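**Student:** Compute the structure for the input listed below.
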Amino acid sequence: MFRFLRPLATHATYTRWLHLLIPLGACSVWLFISPDRPWAPMLFAVPVGLLPGMRLAEGVQARLLLTPEERGDAGAAISPTAAATWADRWRTVLWLEIRLLLTAVAGFATVWLPATTVDLVLMATGSGPSGEWLVRGVEPHWWYALLAPLPVLVLLTVVVATGELVTATARQLLGPSPVQRLTALEERTEQLLERNRIARELHDSIGHALTVAVVQAGAARAAHDPEFTERALTAIEETGRDALDDLERVLRVLRESGAPVGQQPTLAEADRLLDSARGSGAKIDADVSGPLERIPGAVSREGYRILQEALTNVLRHCGAVPVQVRIGVTDGRLELEVTNPLSGTRSKPGSGSGLRGIRERAALLGGRAETGPAGGEWRVHARLPLNGLRAVP
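**Tutor:** Predicted coordinates:
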């Protein structure tokens with residue numbers, strides 16, 4: 001019993017009823033002018049519904065009155081936007097026609113059902129009906145009082161049923177079209193991918209800075225050489241400043257403040273990365289060939305991060321060991337390889353998420369990355385296509 005009465009306690013039931021009664025004002029004026037053409041408002045709704053702005057007006061009104069609980073929700077079922085295609089315009093026309101039909105039902109129920117209750121009460125008290133619409137030739141009797149609540153119950157049922165029906169119709173006809181839903185899904189996917197990329201960049205940048213700082217501090221303490229300690233502190237300061245710049249750029253993106261985002265590092269700045277690793281004690285033998293400044297931006301940025309993560313792993317797991325770095329542009333792809341001996345490892349290489357991030361970065365660009373031991377050395381080898389997401393062999 002209470003389950004059937006619960007909708008009567010929600011404010012949405014009555015805002016939906018108000019939504020249905022709003023067109024009665026215009027329809028009543030028309031019926032007063034031309035009562036013999038009650039179908040004219042439905043005919044007039046066709047050209048009105050084809051106006052792009054009408055979909056926006058109906059969407060705003062429907063979201064406000066039909067689904068007030070979704071107000072402010074980015075994923076609301078009703079989309080208050082202007083019609084962008086002819087399909088949206090015709091859906092708006094269909095919505096207006098259905099709304100007018102339900103308005104007629106609501107208007108009829110609002111006027112005649114309460115009037116019927118009044119007539120039943122009058123007949124139960126011995127008076128005649130207020131009009132001749134209900135009955136003719138029926139004598140007043142007390143038992144009509146037992147029937148008086150029925151029209152009210154029917155009215156409440158109509159209020160709830162038509163409200164649910166008009167809301168379901170609005171969700172279908174005023175909601176996002178399949179194209180809009182697909183666009184929103186693509187935008188959401190892009191946002192998630194961007195945040196995932198930012199998380200990887202933050203891991204690489206901060207991880208590299210902390211690794212360099214720890215290695216430099218440990219080497220300076222063990223060296224007992226003021227000159228070496230001075231160089232180590234300078235390297236720690238420079239690496240820390242670079243990490244702070246990266247952190248500030250990432251935080252700007254995450255805050256979505258609209259502030260300009262700093263330029264991300266590319267392979268054109270690989271010398272700075274190699275010098276930082278050399279300052280940590282690693283013996284870097286670099287072989288760079290090809291025009292790095294002409295590498296497409298996305299490939300160059302991801303290549304920089306892959307190189308950064310590979311060098312960070314060397315410093316973290318192997319310490320100051322000889323490292324061979326090879327960067328080249330051949331046959332329409334970027335070749336990046338970092339190798340170091342395994343003999344000096346202090347911990348298991350690649351036990352964290354860094355190497356997985358290297359492979360993910362390469363895969364997102366249509367390339368490949370191989371990590372693991374090879375001939376007594378630890379090897380990171382990435383191949384990234386320069387022309388779009390074309391898979392590389």
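**Student:** Relative to G163, how far out is the closest residue to E69 other than its chain neighbours?
**Tutor:** Once flanking residues are discounted, E69 sits nearest to A12: 6.6 Å by Cβ to Cβ, 6 or more residues apart in numbering. Heads up, the C-betas are built off the backbone N, CA and C, glycines and all. Remark: distance between A12 and G163 (Cβ to Cβ, to the nearest Å) = 7 Å.
**Student:** shared neighbours, these two?
**Tutor:** Common contacts of A12 and G163 (Cβ atoms under 8 Å, 6 or more residues apart in numbering): L66.
**Student:** out of the two, which sits in the more crowded spot?
**Tutor:** For the pair A12 and G163, the greater number of neighbours falls to G163 (25 against 16), based on other Cβ atoms under 10 Å.
**Student:** quick one, helices of the stretch 151-300 of the chain?
**Tutor:** Assigned by DSSP state H, counting those that start in this stretch, the helices in the stretch 151-300 of the chain fall at 178-223, 226-255, 270-279, 297-317.
**Student:** burial count for A217?
**Tutor:** For A217, the tally of surrounding residues (other Cβ under 10 Å) stands at 14.
**Student:** That one: what's it in contact with?
**Tutor:** Applying Cβ under 8 Å, 6+ apart to A217 gives the contacts 232, 236.
**Student:** Could you measure from it over to T239?
**Tutor:** Using Cβ to Cβ, one gets 11 Å for the distance from A217 to T239.
**Student:** just F32 next, same as before
**Tutor:** F32 is 82 Å from T239, where distance means Cβ to Cβ.
**Student:** higher neighbour count, these two?
**Tutor:** Between F32 and T239, counted using other Cβ under 10 Å, T239 has the larger neighbour count: 24 against 8.
**Student:** Thought V214 was touching that one, still the case?
**Tutor:** No: look at T239 against V214 with Cβ atoms under 8 Å: they stay out of range, at 10.7 Å.
**Student:** Following element in sequence after the helix or strand harbouring the residue nearest to E69, please.
**Tutor:** Element membership for A12, per DSSP states H and E: helix 11-21. Downstream of helix 11-21, the next assigned helix or strand under DSSP H and E is helix 24-33.
**Student:** elements contacting that following helix?
**Tutor:** On a contact count with 3 or more Cβ pairs under 8 Å, 6 or more residues apart in numbering; DSSP states H and E, helix 24-33 meets helix 40-49, helix 86-124.
**Student:** C-terminal to the last one, what's the next element?
**Tutor:** Right, the one you point to is helix 86-124. helix 144-147.
**Student:** Tell me how the chain divides into domains.
**Tutor:** Using automatic domain parsing, the domain parsing of the chain gives 2-176, 182-385.
**Student:** averaging pLDDT over each of these, which comes out lowest?
**Tutor:** Lowest mean pLDDT within those: domain 182-385, at a mean of 76.
**Student:** what about it, distance to the chain center?
**Tutor:** 29 Å (Cα atoms, centre = their mean, to the nearest Å).
**Student:** What residues does the residue nearest to M42 when sequence neighbours are not counted make contact with?
**Tutor:** Excluding the flanking residues, the one nearest M42 by Cβ to Cβ, 6+ apart is L100, at 5.4 Å. By Cβ under 8 Å, 6+ apart, L100 lies in contact with 23, 27, 41-42, 45.
**Student:** which one of those sits closest to S289?
**Tutor:** Proximity of the contacts of L100 to S289 (Cβ to Cβ) peaks at A45, which lies at 70.4 Å.
**Student:** Nearest residue to the closest one in space, please, no chain neighbours.
**Tutor:** Sequence neighbours aside, L96 is the residue nearest to A45 in space, at 4.1 Å (criterion: Cβ to Cβ, 6+ apart).
**Student:** Could you do A369 as well?
**Tutor:** Closest to A369 by Cβ to Cβ, 6+ apart is A362, at 3.8 Å.
**Student:** Check which residues of the helix or strand hosting that neighbour are buried.
**Tutor:** For A362, the enclosing helix or strand under DSSP H and E is helix 354-364. The neighbour-count check on helix 354-364 (16 or more other Cβ atoms under 10 Å) flags 354-355, 357-359, 361-362, 364 as buried.
**Student:** got the angle between the helix or strand that that helix is followed by and helix 354-364?
**Tutor:** Under the assignment DSSP H and E, the closest C-terminal helix or strand after helix 354-364 is strand 368-374. Interaxial angle, strand 368-374 versus helix 354-364 (axes from the mean of the first three to the mean of the last three Cα atoms, to 10 degrees): 150 degrees.
**Student:** Could you pull up phi and psi at C318?
**Tutor:** When read as degrees, to the nearest 10, the backbone of C318 gives phi -120, psi -20.
**Student:** And the closest residue to S300 other than its chain neighbours, how far from I327?
**Tutor:** Spatial nearest neighbour of S300, chain neighbours left out: T266 (3.8 Å); criterion: Cβ to Cβ, 6+ apart. Per Cβ to Cβ, T266 is found 12 Å from I327.
**Student:** anything in contact with each of those two?
**Tutor:** Contact criterion Cβ under 8 Å, 6+ apart; residues shared by T266 and I327: 292, 303.
**Student:** So for stretch 159-179, what gets flagged as buried?
**Tutor:** For stretch 159-179, by 16+ other Cβ under 10 Å, it's 159-160, 162-163, 166-167, 169-171, 173-177.
**Student:** Touching it from outside, list them.
**Tutor:** 7-8, 12-14, 16-17, 19-20, 55, 58-59, 62, 66-67, 77-79, 85, 87-88, 91-92, 94-95, 98-99, 102, 105-106, 109, 184.
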